[in-house]
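Participant: Quick one, structure for this:
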Amino acid sequence: MRTYQLFIELAKDTEIQVGKLGKFSFPAGNYVYTGSARKNMEARIQRHFSKDKKLRWHIDYLLNSPHAQITDSRLSQKEECALNQQTNGEIIVPRFGASDCKNGCGSHLKYFQ
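Facilitator: Just a heads-up that it's a prediction; the model follows:
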């Protein structure tokens, strides 16, 4: 399994319904999302860049906003939760991308200004 991080800029404050997780206020600024893929890493990352997709994962709802733009993506060999826990930032949406996390991450999306 390989891990990736998406660096996202949100141009303005935005309210987003994140699937069944609920509706949240996302302040304008920068975010980093940590995810992983067991296979087809390149396809997963390309999917994140696409605006034409079925909304399946929490990150899809944020990236579907017209105010959100991925500014960078990075690959890592570190385990997903270890990389996420080493990443600075504030948790805006608890359990975002971490519904099944058993390592106490709180969220795999972090906000920083």
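Participant: tell me which element the closest residue to Cys101 other than its chain neighbours falls in.
Facilitator: In space, Cys101 comes closest to Cys81 once its chain neighbours are excluded; the distance is 6.3 Å by Cβ to Cβ, 6 or more residues apart in numbering. Placement of C-beta: from N, CA and C, glycine included. Using DSSP states H and E, the element containing Cys81 is helix 80-85.
Participant: got it, and Val32?
Facilitator: Taking DSSP H and E as the criterion, the element that holds Val32 is strand 29-37.
Participant: List the strands paired with that strand, with their directions.
Facilitator: Strand 29-37 pairs in its sheet with strand 2-10 (antiparallel), strand 109-112 (antiparallel), by DSSP bridges.
Participant: follow-up on the earlier one: what's the helix holding Cys81 packed up against?
Facilitator: Helix 80-85 sits against strand 2-10, strand 29-37, with contacts defined as 3 or more Cβ pairs under 8 Å, 6 or more residues apart in numbering; DSSP states H and E.
Participant: quick one on the thing from earlier: in the strand holding Val32, what counts as buried?
Facilitator: Neighbour-count burial for strand 29-37, counted by 16 or more other Cβ atoms under 10 Å, picks out Gly29, Tyr31, Val32, Tyr33, Thr34, Gly35, Ser36, Ala37.
Participant: Correct me if wrong: the first one contacts Phe112.
Facilitator: Pointing back at Gly29 there. Yes. When contacts are counted by Cβ atoms under 8 Å, Gly29 is listed as touching Phe112 (6.8 Å).
Participant: coming back round to it: does the residue nearest to Cys101 really touch Cys105, like I thought?
Facilitator: Yes. In this structure Cys81 lies within contact range of Cys105 using Cβ under 8 Å: 5.3 Å.
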